[in-house]
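> need coordinates for the below:
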Amino acid sequence: MRVKIDVECTPAEARAFLGLPDVEPLQKAAMKDMEERVRGAIAATSPEALMKAWLPGGQGTWEQAQKAFWSQFGGAKKGEGA
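Numbering: from 1, shown residues only. Predicted structure coming up:
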């Protein structure tokens, strides 16, 4: 024997009927906190912020990194190009 019962209700109505707690305020607070964290992470990934994090010495450090990079390639082919 099969018995089929269809109940149409909203999730809030189902929680109230089953005696489950209303977690909507907690969900809203958690989503607001998560949104703030995501916005902060996005702001921290701006090109300027990334360069400051990677090269704390400023422009001079960047120039030193470029010189070191080019010296590696320039030393391999002495007398050619550049």
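
> grab the nearest non-local neighbour of residue 49.
residue 43 (7.3 Å; Cβ to Cβ, 6 or more residues apart in numbering). For every residue, glycine as well, the C-beta is placed using N, CA and C.

> so how far is the strand or helix carrying that neighbour off the chain centroid?
Per DSSP states H and E: residue 43 is located in helix 24-44. Mean-position distance between helix 24-44 and its chain equals 12 Å (Cα atoms, centre = their mean, to the nearest Å).

> how far does the next helix or strand after it sit from the chain's center?
Using DSSP H and E, the next helix or strand after helix 24-44 towards the C-terminus is helix 47-54. Mean C-alpha position of helix 47-54 versus that of the full chain (Cα atoms, centre = their mean) differs by 16 Å.

> and the angle from the next helix or strand after helix 47-54 to helix 47-54?
On the C-terminal side of helix 47-54, the closest following helix or strand by DSSP H and E is helix 59-76. Angle of helix 59-76 versus helix 47-54, following axes from the mean of the first three to the mean of the last three Cα atoms, to 10 degrees, is 70 degrees.

> hey, C-alpha coordinates of helix 59-76 in CSV?
Extracted in CSV, the C-alpha atoms of helix 59-76 (Å, rounded to 0.1, in the frame of the first residue of the first chain):
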residue,chain,number,x,y,z
GLN,A,59,60.2,51.8,-7.4
GLY,A,60,63.9,51.2,-6.7
THR,A,61,63.3,47.6,-5.9
TRP,A,62,61.4,47.2,-9.2
GLU,A,63,64.3,48.6,-11.1
GLN,A,64,66.7,46.3,-9.3
ALA,A,65,64.5,43.3,-10.2
GLN,A,66,64.5,44.4,-13.9
LYS,A,67,68.3,44.8,-13.9
ALA,A,68,68.8,41.4,-12.4
PHE,A,69,66.3,39.9,-14.9
TRP,A,70,68.0,41.5,-17.9
SER,A,71,71.5,40.7,-16.7
GLN,A,72,70.6,37.0,-16.7
PHE,A,73,69.6,37.2,-20.4
GLY,A,74,72.2,39.7,-21.4
GLY,A,75,75.0,37.6,-20.0
ALA,A,76,74.0,34.6,-22.0
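
> any regions of the chain where pLDDT drops low?
55-61, 75-82 (pLDDT under 70).
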